[in-house]
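Student: When you get a sec, could you give me coordinates for this:
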Amino acid sequence: MCHCVPHWDSNAAALRDYAATSLPVSLSLGASSKTMYHKYFQNSEVKSEFKKEFISLWSGWLGENNQYKLDSVTKHEWQRFYNFLALLESKFQIQKVNCNTETLTKITDVSAILDSYEQSLNKDSSQFYQFVIPELECVISEEWDYTYIVWYRNSKTIATLAPYIKKAGLSHFS
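Tutor: Okay, here's the model as predicted:
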């Protein structure tokens, strides 16, 4: 199947459709993809001015006595993170971060890019996902031990995300 670029001068609608589904979102909106990336990242790390909120299966850190719980996470429990992202996708534009190219790419179907439960068990941290939600000016990063981090500047971001976190059956804490 050929993924050809449409004829730009003959079909303006095709150009808009192509840009909306195939280009990094910042390019389709006219801003530089690298400029958008650098709004959130410096040297491949989330900028230090962002605060952190943790999203987890549990309401706080497990501690040494409860580390065994990490080994008994079921596929159904793991699925909560996928559900969380799917809920966000239904309300907000989500962009996938690529630190190698320093770009953000609009996601139109989060389920198409996420790993399966089995794949997620065997990946290393270099394969963890990072997403930007421009409307909330935040980054959501996948981390170790069934935890995501929301990197945010404004506490309203956490207040906005809290119902989605709860609906997905997850907890959050600072």
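Student: Tell me where the model's unsure across this structure.
Tutor: Counting by pLDDT under 70, the chain contains low-confidence residues at 1-32.
Student: State which helix of it is the longest.
Tutor: Longest helix of the chain, by residue count under DSSP state H: helix 75-91.
Student: Please enumerate residues in contact with that helix?
Tutor: 55, 57, 94, 107, 109-111, 114, 117, 120, 131, 133, 140, 142, 146, 148, 161, 164-165, 167-170 (C-beta atoms under 8 Å, 6 or more residues apart in numbering). Backbone N, C-alpha and C define where each C-beta goes, glycine included.
Student: Let's see that with 7 Å instead.
Tutor: Residues from elsewhere that reach helix 75-91 (C-beta atoms under 7 Å, 6 or more residues apart in numbering): 57, 94, 107, 110-111, 114, 117, 120, 133, 146, 148, 164-165, 167-170.
Student: Then stretch 149-163?
Tutor: For stretch 149-163, contacts defined as C-beta under 7 Å, 6+ apart pick out 46, 49-55, 136-141, 143, 172.
Student: mind checking how far that stretch is from the chain centre?
Tutor: Taking C-alpha atoms, centre = their mean, to the nearest Å, one finds the center of stretch 149-163 at 13 Å from the center of the full chain.
Student: send the alpha carbons of it over as PDB?
Tutor: In PDB, the C-alpha atoms belonging to stretch 149-163 read as follows (Å, rounded to 0.1, in the frame of the first residue of the first chain):
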ATOM      1  CA  ILE A 149       4.500  10.700  36.000                       C
ATOM      2  CA  VAL A 150       2.500  13.700  35.100                       C
ATOM      3  CA  TRP A 151       4.900  16.700  34.600                       C
ATOM      4  CA  TYR A 152       3.000  19.900  35.000                       C
ATOM      5  CA  ARG A 153       3.400  23.600  35.700                       C
ATOM      6  CA  ASN A 154      -0.100  24.500  36.900                       C
ATOM      7  CA  SER A 155      -2.000  22.600  39.600                       C
ATOM      8  CA  LYS A 156      -5.200  23.000  37.600                       C
ATOM      9  CA  THR A 157      -3.700  20.300  35.300                       C
ATOM     10  CA  ILE A 158      -3.800  17.700  38.100                       C
ATOM     11  CA  ALA A 159      -7.400  18.800  39.000                       C
ATOM     12  CA  THR A 160      -8.400  18.300  35.400                       C
ATOM     13  CA  LEU A 161      -6.700  14.900  35.100                       C
ATOM     14  CA  ALA A 162      -8.000  13.600  38.500                       C
ATOM     15  CA  PRO A 163     -11.400  12.400  37.200                       C
END
